[in-house]
Each structure stands twice: as structure tokens, then as C-alpha cells.
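Colleague: this is a predicted model, with the sequence first.
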Amino acid sequence: MEQHNEKWGSRWGFLLATAGSAIGLGNIWKFPYITGNNGGAAFVCVYLLAILFVGLPLMIAELSLGRATACHPAWAFDKFTKGQKTPLAGFVGTLIIISGLLMVFFRCPGHAILLLTLGIFLCLKGWKTVGVITGVLAPFIIISYYGVIGGWTIIYVFKSFAGELNFADPAQGKLIFEPILNAEKSTWGILLSAHFAFVAAAAVVVFFGVQNGIEKSSKVLMPMLFILLGALVLRGISLPGASKGLKFFLSPDFSALRPESVLIAMGQAFFTLSLAMGITTTYGSYLKRDVNIVQSALTIIGLDTLAAVMAGIAVFSSVFAMGFDPAQGPGLVYMIVPSAFNKVPGNLGWLWNGLFFIMLTIAALTSLISLLEPLVNFAVRQFKISRHLAVILFSLVIYLFGLLSAFSCANWKNLPWLEKLIKDFFKDAGPSFFELSDSFASNWMLPLGGLAIAIFAGWIWGTKRVIKEVRRGTRSGLLDANILVLLTGLDPRDYARKSLFSPAVFWAVSIRWITPVLVVFAFLYCIGVI
Ligand code: PHE
């Protein structure tokens, strides 16, 4: 029986758990620096539009799909296609098989195997393939490398309190960070144990189930996260010179906005809201009928954006106040931020750093939990094993698979045999296993999965039926009222009964026409075609 009867205990439990999934490394280090690189507040405006036209419609679709079926995605899609392949799935499957055969012709065995497997699955299993890719494969790959960065945050928490991060010069920070990044021999012990501790922490939570594990832990961890973020924001903005950082982060500079900023914003909207990786559908499957899906999606998105903005303010106010340049990528958080906190008057650098990295660990942990849950849910139904056994088995497999990313994070130095193997099969192995996994998941699986979900909700399951599901738990009138009436706080009952300019119509237009087109553009950008 693939349908399950686990349910959230409370609406806030669900909201905090889903927000916990959404708020992660993407918010704390990625959002601040891509905002900085793309024109500050101008980029934030574009990002909010991407959330509105891509993030929100997809989140509503995934939550509804989960709740309507009470199934993991591997079965949810099947419920509405009755396990049969639709003409669309057959058509796309055939096209993919043909491209797989072409790859044989061009002697690209790796691509050929991947494409042929995918095409055959699509032809035989139809939409179930999408469920398995988004709900099993995507979380499996992402969790393996996400766990590595989670391990680093734990290492940094310990280093902060042990006083090892007391450098005021990022060059010294480099001496600590680079050996970890390059997985040099001297760091193997701590890399292995921190990665283990991180995966184990997520496993313990998932072990106790939806209500007693995920929900309870989120109710403690998420308020902690916001309190810590709040403290860091206050510390940051009260520093002399903080205003330069705030200006950098919050004042719009439309000239720095490049055409591709729009696509970057869309990619970020996907990743940060944990869409197209089985999480939102699985978490939606634990929803009770009386929960308002639209309001929930808006709350989750609001909390996620709040966390991103708070992280940006905390990071940039301190970094600028202390006279540093905002570097890019992981370096910003691991080298520049500690230096900045150490220069804060009062000699409490160890404390600010400690709090910062605890906050980062919490953010990453709640995301990792949400990646593990769909895998465990799948294993329980597919292999008919207990949740406990599924957690133990999957955590072990994920830990071991993640080691490949831990040991090949920035380069292939530690794993030359794997580089050779991948090169033999795919011609190119990229800079490292970590990068390979990330680009495969973020550039291929997420946009294509998102596209498939939009098409499924808009055309296959159908807008009419999705809206019917959304109506359960939504106060009648809200979905059909004119958006202007809603925004102005007037009582929808006093105005026209059904409006063309209503949330329901907005969602249906987006999911059918706008979201898929935007996602296709984001995808073409990700893979370098535009
Ligand atoms: N949403 C998370 C973030 O912003 C990332 C994430 C991706 C979490 C995939 C879970 C799954 O960092």
C-alpha cells in the first residue's frame, strides 16, 4: 500500500518543517552574494518576481499533489494517470531513446546509457519516472554533497569555540579553509567525523518519524535559527560603517542587472524553495485536508525570503563595516565573515563566529532532514521495511556516497581513478565530483523536474482538479475574488462573486503558460545554451 497515513500534528509544525527545508545554505551564503553581484535591490525585485511566477505556482502544485494522493511522488503521479503512460510521456520517451541512440553513434557511452534508461523508463512507466527522478534520485544526489558542507559547518562551530578562528586576515582563514576544501590528508579525520556527525544528526530526527522527529525538531530549531539570525543582524547593523554594507545589499542598481540575472534569480527560486526534489510533495502528503495550501505556501516563501534578507544584512553589514571586500562563494562565509567578526570591537569574535556557524549548521541540518525524509518514505513503501531500518540503511548509503564529494570537493586529486572512469564514460569529468553532482542536480534534474511538474499540474492532472484540491481548506471566496479586492483588505463577499483576476486564475495561467516557459529558459541558461 503506497498511500500512507502519517500526518503533521499541527499547521505550524508543517510550516516550520517546510520552511526549515527551504531555509538553508542557499539563503545564508548564496543569496547574499548573488544579490551583491547582480545589482543589490534590483536583483531582489527580479527574484521576487521569479518567486511569484515560478516558485509559488510550483509550490502550490506540489503541495496539492502530495495532499491529494497522500503518496510519495513515486506513486503520486501514477494516481492520476492510473499507471498508464500518457501520449506525452510516450512521445518524450521516444525522443529521448532516439537521442540515446545518437549518443551511441557519437561514442558517448555514458550519455547513451543515461538517455536510453530514461527514455525506456518513460515509455514503460510513464509519469512514474518523473516521480522517481524528482523524489528519489534528486534528493539522493543532492544530499550526498549537501552533507559535506553541513560537515564543514560543524567543524567551524568547534573551531570557533576552540579559538582557532581568531584570525583577522582572510589570508589566514584560507590556511584553515583550503586544506578542508581540498581534503588534504591532515584533514581526513575531521572531515570523516564531521560529515558522519551531520548525517547522523539528520538520521536521528528522521528516525523518530514525522510528528515526533521532524515536526518536534523544527519547532525548536527554527525559532533558534531566527533568534541567532536576529542577534547577528543587530550586531552587524550596530557597527560603525555598517551602512555601506546595507547600501551594497539593499540599494537598487539597475545598471548592474544583466539579462542573465533573471535566469539566476529563477534558479535560486527553485533551489531555495526546495522544489522539484520530492520534498514539497512528500511534506504535502502529510497535510490534513483542512489546511489552507495557498496561505501555507505564502508563509513558507515569506519565511524563506526573510531569512535570506536577514542573512544578507548580517553578513554585509559586518563585512563592509570591517573594511573587507565581499568575496564570492563559500569563501565569503568561511574566510571573510570570521575575519570580520574577529575585528568587531569587544574581542568576542569567537562568540559571534560560534553563533554564526551554529546558525548555519541548523539551517543546513533542517534542509538535510527534508532531503532524507522522501528517501525514507520511498524505501518504506517500496521495500516494505520499517522506517527505522530504512533510516539506518539510507543514512549509511548516503554517508558513503557523500564521501566521494567530501574527498573530491574542489578537485580530483584524491580520486584519480574516479575521474578517469567518468572521463571514459562521459568524456568530461568537470572540476570535481562535488561540482559534477551539483551541476547534474541543479542544472539538469531540478529545472527538468520542475518543468515536468508544471506540465503535469497544468495539463495532465489538470488545473481544474488541482484547484479543487486547493479549495479544500481555503476559505471560500478567497480563491475567486479579485486580487485587487484581496490586496486592499476589502471583503470579497461585497464584490463580484467570481473574478477573472483571481488567485485561482492567476495560478492556472502561471502553471500552464508562464512557469513552464520561464523554466525552459532557466534550464537552457543552466546548461549554457543561452
Ligand atoms: N533550500 C535549501 C537552501 O536554500 C537547499 C535545499 C536543496 C534543501 C535541496 C533541501 C533540498 O539551501
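Modeller: That came through, no problem. Residues are numbered from 1 along each chain as shown.

Colleague: does the helix or strand hosting residue 156 reach the ligand?
Modeller: Following DSSP states H and E, one finds residue 156 within helix 138-161. Yes. Helix 138-161 lies within reach of the ligand by C-beta under 6 Å from any ligand atom, at residue 142. Placement of C-beta: from N, CA and C, glycine included.

Colleague: in CSV, list the C-alpha atoms belonging to that helix.
Modeller: C-alpha atoms of helix 138-161 as CSV (Å, rounded to 0.1, in the frame of the first residue of the first chain):
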residue,chain,number,x,y,z
ALA,A,138,17.4,14.1,-7.0
PRO,A,139,17.3,14.1,-3.2
PHE,A,140,19.9,11.2,-3.2
ILE,A,141,22.4,13.2,-5.2
ILE,A,142,21.8,16.5,-3.5
ILE,A,143,22.0,15.0,0.0
SER,A,144,25.4,13.5,-0.8
TYR,A,145,27.1,16.8,-1.4
TYR,A,146,24.9,18.9,0.9
GLY,A,147,26.0,16.8,3.8
VAL,A,148,29.6,17.7,3.0
ILE,A,149,29.0,21.4,3.5
GLY,A,150,27.0,20.6,6.6
GLY,A,151,30.1,18.8,7.9
TRP,A,152,32.2,21.8,7.4
THR,A,153,29.8,24.0,9.4
ILE,A,154,30.2,21.6,12.3
ILE,A,155,33.9,21.8,12.0
TYR,A,156,33.7,25.6,12.1
VAL,A,157,31.5,25.6,15.2
PHE,A,158,34.1,23.7,17.0
LYS,A,159,36.9,25.8,15.7
SER,A,160,35.1,29.0,16.7
PHE,A,161,34.7,27.9,20.3
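
Colleague: for that helix, buried residues please.
Modeller: 138-157, 159-160 (16 or more other C-beta atoms under 10 Å).

Colleague: that helix - contacts with which helices or strands?
Modeller: The contact analysis (3 or more C-beta pairs under 8 Å, 6 or more residues apart in numbering; DSSP states H and E) places helix 138-161 against helix 170-181, helix 188-207, helix 349-383, helix 387-407, helix 433-439.

Colleague: go through those helices and pick out the most buried.
Modeller: The highest mean neighbour count among these, using mean count of other C-beta atoms under 10 Å, belongs to helix 349-383: a mean of 23.

Colleague: that one vs helix 188-207, what angle?
Modeller: With axes from the mean of the first three to the mean of the last three C-alpha atoms, to 10 degrees as the basis, helix 349-383 and helix 188-207 are set at 60 degrees to each other.

Colleague: just want the angle from helix 349-383 to helix 138-161.
Modeller: 160 degrees.

Colleague: and helix 349-383, how far out from the chain's middle?
Modeller: Its chain's C-alpha centre and that of helix 349-383 lie 11 Å apart, by C-alpha atoms, centre = their mean, to the nearest Å.

Colleague: write out the residues of the stretch 1-150 of the chain neighbouring the ligand.
Modeller: Near the ligand, when you scan the stretch 1-150 of the chain using C-beta under 6 Å from any ligand atom, you find 21-22, 24-27, 142.

Colleague: of all the residues you listed, which two lie farthest apart?
Modeller: The most widely separated members of those are 27 and 142, with 15.5 Å between them, by C-beta to C-beta.

Colleague: and the residue in the stretch 101-250 of the chain that the ligand sits nearest to, how far from residue 425?
Modeller: Here the stretch 101-250 of the chain gets closest to the ligand at one residue, residue 142, 4.9 Å apart by C-beta to the nearest ligand atom. According to C-beta to C-beta, to the nearest Å, residue 142 and residue 425 sit 21 Å apart.

Colleague: and what of residue 26?
Modeller: Counting by C-beta to C-beta, the gap from residue 26 to residue 425 is 30 Å.

Colleague: of those two, which one has the most company?
Modeller: Shown here are residue 26 and residue 425; by other C-beta atoms under 10 Å, residue 26 has more neighbours (25 against 15).

Colleague: distance check, that one against residue 360.
Modeller: Counting by C-beta to C-beta, the gap from residue 26 to residue 360 is 12 Å.

Colleague: OK, contacts around the residue in the stretch 351-500 of the chain that the ligand sits nearest to?
Modeller: Proximity of the stretch 351-500 of the chain to the ligand (C-beta to the nearest ligand atom) peaks at residue 367, 3.5 Å away. Listed by C-beta atoms under 8 Å, 6 or more residues apart in numbering, the contact partners of residue 367 are 20-25, 146, 274.

Colleague: may I ask which of these has the most neighbours?
Modeller: Result: residue 23 is most packed of the contacts of residue 367 (other C-beta under 10 Å), 32 neighbours.

Colleague: thought that residue was touching residue 221?
Modeller: No. Using C-beta atoms under 8 Å, residue 23 is not in contact with residue 221, being 10.2 Å away.

Colleague: between these two, what contacts are shared?
Modeller: Shared contacts of residue 23 and residue 221 (C-beta under 8 Å, 6+ apart): residue 366.

Colleague: check what contacts stretch 30-48 and list those residues.
Modeller: In contact with stretch 30-48 (C-beta under 8 Å, 6+ apart) are residues 247-258, 261-262, 264-265, 268-269, 271-272, 305, 308-309, 311-312, 315-316, 326-329, 332.
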